[in-house]
Structures are given as structure tokens and as C-alpha cells.
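Undergrad: Here is a sequence with its predicted model. Questions after.
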Amino acid sequence: MSIAIPCRQLFIDGEWREPVKNKRIPVINPSTEQIIGLSLSLSKIDTDVYLFDSFIIRRSKLHFSHVSRFQSDPYFIWLVVISFADKTMVYSSSLRHVDEKTEENNWEDFLFLWDIPAATVEDVEIAVDAARRALARNKGRDWASASGAHRAKYLRAIAAKITLRKSELAKLEAIDCGKPLDEAAWDIDDVAGCFEYYADLAEGLDAKQKAPVSLPMETFKCHVLKEPIGVVGLITPWNYPLLMATWKVAPALAAGCAAILKPSELASVTCLELAEVCKEVGLPPGVLNILTGLGPEAGAPLASHPHVDKIAFTGSTATGSKIMSAAAQIVKPVTLELGGKSPILVFEDVDLDKAAEWTIFGVFWTNGQICSATSRLLVQESIATEFLDRLVKWCKNIKISDPMEEGCRLGPVVSAGQHEKVMKFISTAKSEGATILCGGARPRHLKKGYFVEPTIITDVTTSMQIWREEVFGPVLCVKTFSTEDEAIELANDTHYGLGAAVISKDLDRCERVTKALQAGIVWVNCSQPCFSQAPWGGNKRSGFGRELGEWGLENYLSVKQVTQYISDDPWGWYQSPSKL
Ligand SMILES: NC(=O)C1=CN([C@@H]2O[C@H](COP(=O)(O)OP(=O)(O)OC[C@H]3O[C@@H](n4cnc5c(N)ncnc54)[C@H](O)[C@@H]3O)[C@@H](O)[C@H]2O)C=CC1
Ligand SMILES: N=C(N)NCCCC(=O)O
Ligand code: NA
């Protein structure tokens, strides 16, 4: 017998809520290709399990004493099993209670499968309504027109809770999307840091209100109010599930907006935990609603909803274009962070090993699934052979494993579909005449999971698919150049314009090249580091608008001009009837 136990519900109006259509999506672990689940067969559980007890992991055997938690709380239990490549672990989470369990029950009969709720247009309606009510409550004084300092308190409380749950959230993230645990831990620090940063900016907003605008006429006085845009829809991808959500949620809340977050169906688990965090800190109901679900069913109705005032999106260029079309029908503003095919330029004066490490970090970090991945290497001819040789050596040293394994530096890509897509890119490159210098296949030691070896492709022409299209996997393609001008021309030979990196000891050259590169972000002597304080976003088909920093806050603010007539004299344009 097998029953599905829902893990979390949709988070709407400050409450957990079942999706109207009661639809759910399984949570798949990309390392095992399996639905994360628990087979409650006593014999198995006695072998090797870990219990997450109120989010503290401890190794334990599962006894009925633990299971009895079922009865004490009729809605939640605290068990989830996660299967890894070589072992099975039990983690706790809030599972909805579906049956009366007693010690006499035969547990061998039950299989718990982990899934997430799938919202549809009906849930979107309820969430949008909740968000609008949150803005209007107490004439706006509870949130939208409260002081920034008031809202900052919630942002700080969220940051603190996230820090407290860091190791658990990092594990959930790593298991759900396949990124190495060390990277996931880093992400969670960034998440907390981002909430803290926007708490500061929310406080700073109060002092910036009523900023005067000087006018050329003494009879008038002008100032500017910064007001929340209103209800915002935030649609996010799976590569940095909680961090990409945070880049939008934190500034939106700082600004005083009410938000509906729609994370990616491929990795939503940590975003649902953010909902729990918001519940715990007592965020006013409806201020943040979290709707997991499929793009066309839950994302599209947000994009086209007449009462959603803005959409902020990160994801593929194809989906970004659909969202923009939907929003355009009602002239709804959008900001779009889309794909990329970012170049990294390596000049002949570099330290080869330092440059090699940044080059592989630039493209293999997050298993190659970063929109800003510097996935086109341009290396100066004079050092090309030696540099590629070093790169291959660095690649061979990358630990590819289950993301939970100590020291893992490359995990699986997120899904079967993504795996297939990446492998197809590699085979097309081969068929178009490119050379696979290293990688290109599943690592031999990993029979299961969506793993792809770190792959370097040479003998590439500028018309090949591998040069032009975003792979979103651990694949680097290489071309050589002889002059700086040629390097710049090749670098800018793309429809995208998100990131770019230049590696050279000559800082004057770095400055020249930086100016010539068509990109929203340029890294000098590094690739990928990212800070909450600095603007993030692209040009061309990589989208528009900037997240993070003060620019990120402006995304969610509307500027209101207030102009006052201060003269005692009448305006005097028409002849006054009283003078007749
Ligand atoms: N540049 C980036 O940050 C990302 C790029 N990608 C690329 O996109 C490819 C496809 O991956 P997906 O996960 O399908 O990306 P996607 O861009 O379709 O998904 C991003 C988000 O948009 C939502 N979405 C999908 N269709 C929608 C629609 N019609 N209206 C509103 N929301 C919608 C998804 O549910 C998800 O939350 C990947 O293979 C990768 O190459 C994927 C994720 C992030
Ligand atoms: N956390 C860092 N460094 N980068 C995040 C990049 C997320 C993106 O793909 O847009
Ligand atoms: Na997943």
C-alpha cells in the first residue's frame, strides 16, 4: 500500500492552505533520480537512519516513541526520508497527518512520499486578494505606509530565523536541486545577509522620503515620495531556489509591497520553509504569499493578473518573453533576469593556475547552472595550449559526487530534462565538428543521478550552437584570440549581455576591456562573486532592470511627484469673474 503524505501546503494570507484543486508535485532528488520518500518498513528503518528532530539532526533508530508525535499534533508529523545514492536518511519536516496512527498499526504498509502543492489559477486569485487586503489593512498603516523601520524589524527577524536553521535549509536545498552542500550553505548565508541588507535599506528609506526637487519658479515647491508599487508577482528559478526568491522578496517587503512568490516546481522546498519562517516571525497575513506550482498553471495567471502591479522574473529567456507579452496586455511593468552566454577573456600575462581556477569556478560552480556562468572561454593564442592543459588537470581534480558528500564540488544537474538537454548540447557540438577536450559524459563512478562530467569543448566556430546558446550545465566552450580587439569582438558576439570576465595582470587593459564589454556585470580577475550591495542584471536578451543594492529596492518603489503652489497671489491665467 502506498499513500502520499503532503509535506507543506500553499502559504496564503499567513496560513497553510491546500491547493483548491488538491494537486501535488513530487519532490525529486537529482542524485538518485527518485522521489524523496520514506518507506516505513520497520526492518529498514532499524538499519541506518537519521532523525531530524525539530530540525536538529541526530543519528537514531526510529522507535515508536518518536512516532507518537503523530498523536500529539493532529496536523503535522516530523519525518521525511531522503534517499541518497548509497544510503537512506530520515529527516523531519512538517507532514500533514493523513491517518490515525497508533503503535499497533502495521507501519510496513506505509510509504511516505514527499511532494509540494501545485497551485492553479484559483489559488492565484485567493493569494492576490490576500495581498491586496494586506496592503489596505488599517488604511495601509500595518504595512504599505508603515515606516521602513517597522518593516525592517520583520526582515531582521526572518534573517535571524534563517541563520538559526542554516544547516537544515542548506541540506534541503542541496537535496532538492543537487548543488554541493558547501555551496548551499553559502547560499543560505547570502539569503540571511540579503534580508539584513534590505532591512538597512528599509530603514534608510524613511530618511529619503520627501526629498526636495528644486524648481526654477519660486511660487512652487516640489518633493518626491517613494511608495510601494503594490502587489508584486515574483517568479523564480531552481538554480538558487531560496536565494533568487530572496533577491526579490527582501527588497519587495522592504519597499512595502505585498508579494506572491512562485518558485520553480523543480526546487521549491526551501521556499516553503521561508513561508514557515514568515509564519513564525508573525509577518502580517498576506504580505508574502508563496504559491508553488507549475509555470503555465501558477506563474502565467500571476503574470496576466489585472491586480498584480508588477512582475519580477528570473529564468529562461523564452519564459521571460512570454511573461513580458502577458504583462504587456495591461501595461504591467516587468523586470527580467534571463539567460546568458557570458565570456571570460584570459590574456597571456596571467598566472596560469589562478586563471584556470577562476575559469572553472566561472562555469562549473552550481553545476554550471548559473545565468551568469562564464561559459565561453577566450584565451590568448600564445598561452592556449598550456592553459587548456592546466584547465584539464584542474577539471580532473573536481570531486563529483552526491552533493551531501564531504568535499563535493560538482553535483548532478537539476532534472532528467536538464540532463538530457545538456547531453544533447554536447552531442550536437560533436556532430558540428567540435572536439570534446575533456568530460562530455556521465562520470564512470556514478551510475545513477543526473550527473555530467565537467566538459571542455574546443575547435568551436562562432556559428555553432555550443557557442551561441545557453547550456545551463557544466560545459565550457573555447576559442582563441590574438589581439585585444579580436577578444572584445568575439566576447560581444552574442545576443546575451549578462556577465563577462577579464583576467589579466595589466589593469589598464582590464579597464579598457571592461568598458568595451557589452554586459551588465564585469568581473576583473575573478568570475561569479556576487554581493547584495552591488547591482545585478543584464543587457540585450539577458533582460533588463537591476536587482540587489539600492537598484533592487527601486524595482519595488513608485516615485510620486508632489508639487505645491506656495504663492499668496492668485494664479491669474484667466480673467477673474469677481473683477468684472
Ligand atoms: N537564466 C536563469 O537563471 C535560468 C535559466 N534557465 C534555463 O531555462 C531552461 C528551462 O528551465 P525551466 O526550469 O523550464 O525555466 P523557466 O524559465 O521556464 O522557469 C523559471 C520560472 O518560470 C516559471 N514559468 C515557466 N513558464 C511560465 C509561464 N508561461 N508563465 C509564468 N511563469 C512560468 C517556472 O515555473 C519557474 O518558476 C533551462 O534548461 C535553462 O537553460 C532555467 C532556470 C534559470
Ligand atoms: N550567488 C551568486 N554568487 N550568484 C548568484 C547568481 C544567480 C543567478 O543565476 O542569477
Ligand atoms: Na528537486
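TA: Sure, I can see it. Ligands and ions are numbered 1, 2, ... in the order given.
Undergrad: make it CA atoms for all contacts and neighbour counts henceforth
TA: Fine.
Undergrad: pLDDT below threshold where in the protein?
TA: Applying pLDDT under 70 to the chain picks out residues 1-7, 36-113, 580.
Undergrad: of all the residues in it, which ones are close to ligand 1?
TA: Counting by CA under 6 Å from any ligand atom, the chain comes close to ligand 1 at 235-238, 262-265, 294-296, 299-300, 314-316, 319, 322-323, 338-339, 370-371, 418, 470-472.
Undergrad: Please check those residues and keep the buried ones.
TA: When the residues of the chain next to ligand 1 are checked for burial by 16 or more other CA atoms under 10 Å, the buried set is 235-238, 262-265, 294-295, 299-300, 314-316, 319, 323, 338-339, 370-371, 418, 470-472.
Undergrad: what's the residue closest to the geometric middle of this protein?
TA: Central residue of the chain (CA atoms, centre = their mean): M244, 2.4 Å from the mean position.
Undergrad: Does K210 touch H223 like I think?
TA: Yes: the pair K210 / H223 is scored as a contact, 5.1 Å apart, by CA atoms under 8 Å.
Undergrad: near ligand 3, which residues of the stretch 151-300 of the chain?
TA: Contact residues, the stretch 151-300 of the chain versus ligand 3 (CA under 5 Å from the ion): 176-177, 266-267.
Undergrad: Can you name the residue of the stretch 51-200 of the chain nearest ligand 3?
TA: Of the residues in the stretch 51-200 of the chain, the one nearest ligand 3 is D176, at a distance of 3.8 Å by CA to the ion.
Undergrad: Could you give the number of residues near that residue?
TA: Applying other CA atoms under 10 Å, we find 25 residues neighbouring D176.
Undergrad: cool, R165 as well?
TA: By other CA under 10 Å, 16 other residues sit near R165.
Undergrad: Which secondary structure element is home to the closest residue to ligand 1 within the stretch 401-550 of the chain?
TA: Ligand 1 sits closest to F472 of the stretch 401-550 of the chain, with a gap of 4.6 Å, by CA to the nearest ligand atom. Using DSSP states H and E, F472 is not contained in any helix or strand.
Undergrad: Identify the residues contacting the nearest residue to it once chain neighbours are set aside.
TA: Spatial nearest neighbour of F472, excluding adjacent residues (CA to CA, 6 or more residues apart in numbering): Q369 at 4.5 Å. Neighbouring residues of Q369 by CA atoms under 8 Å, 6 or more residues apart in numbering: 239, 413, 472-474.
Undergrad: now do V513
TA: So V513 contacts 484, 488, 502 (CA under 8 Å, 6+ apart).
Undergrad: Sticking with the last one, tell me its helix or strand.
TA: With the criterion set as DSSP H and E, the secondary-structure element containing V502 is strand 499-503.
Undergrad: tell me what that strand is packed against?
TA: Packing partners of strand 499-503 (3 or more CA pairs under 8 Å, 6 or more residues apart in numbering; DSSP states H and E): strand 343-346, helix 507-516, strand 521-524.
Undergrad: tilt between that strand and helix 507-516?
TA: Here strand 499-503 points in a direction 160 degrees away from that of helix 507-516 (axes from the mean of the first three to the mean of the last three CA atoms, to 10 degrees).
Undergrad: when you give positions from now on, start the count at 338
TA: Yes, from this point I'll number from 338; that puts the last item at strand 836-840.
Undergrad: residues in contact with strand 836-840?
TA: Under CA under 8 Å, 6+ apart, the answer for strand 836-840 is 677, 679-684, 687, 692, 709-711, 847, 850-851, 854, 856-864, 875.
Undergrad: Can you say which of the contacts of V850 are buried?
TA: So, of the contacts of V850, 825, 839 end up buried under the neighbour-count rule (16+ other CA under 10 Å).
Undergrad: and which of the contacts of V850 is nearest ligand 3?
TA: Ligand 3 lies nearest to V839 out of the contacts of V850, by CA to the ion, at 34.1 Å.
Undergrad: Tell me the spacing between the closest one and C775.
TA: Separation of V839 from C775 (CA to CA, to the nearest Å): 23 Å.
Undergrad: and what of F698?
TA: Remark: distance between F698 and C775 (CA to CA) = 16 Å.
Undergrad: Also Q717?
TA: Here Q717 is placed at a distance of 20 Å from C775 (CA to CA).
Undergrad: Kindly report the same for S913.
TA: S913 is 86 Å from C775, where distance means CA to CA.
Undergrad: Equivalent analysis for E674, please.
TA: From E674 over to C775 (counting by CA to CA), the distance is 31 Å.
Undergrad: And these two? Which one has more around it.
TA: E674 (28 against 18).
Undergrad: so R361 bridges to which residues?
TA: Beta bridges link R361 to P454, judged by DSSP bridges.
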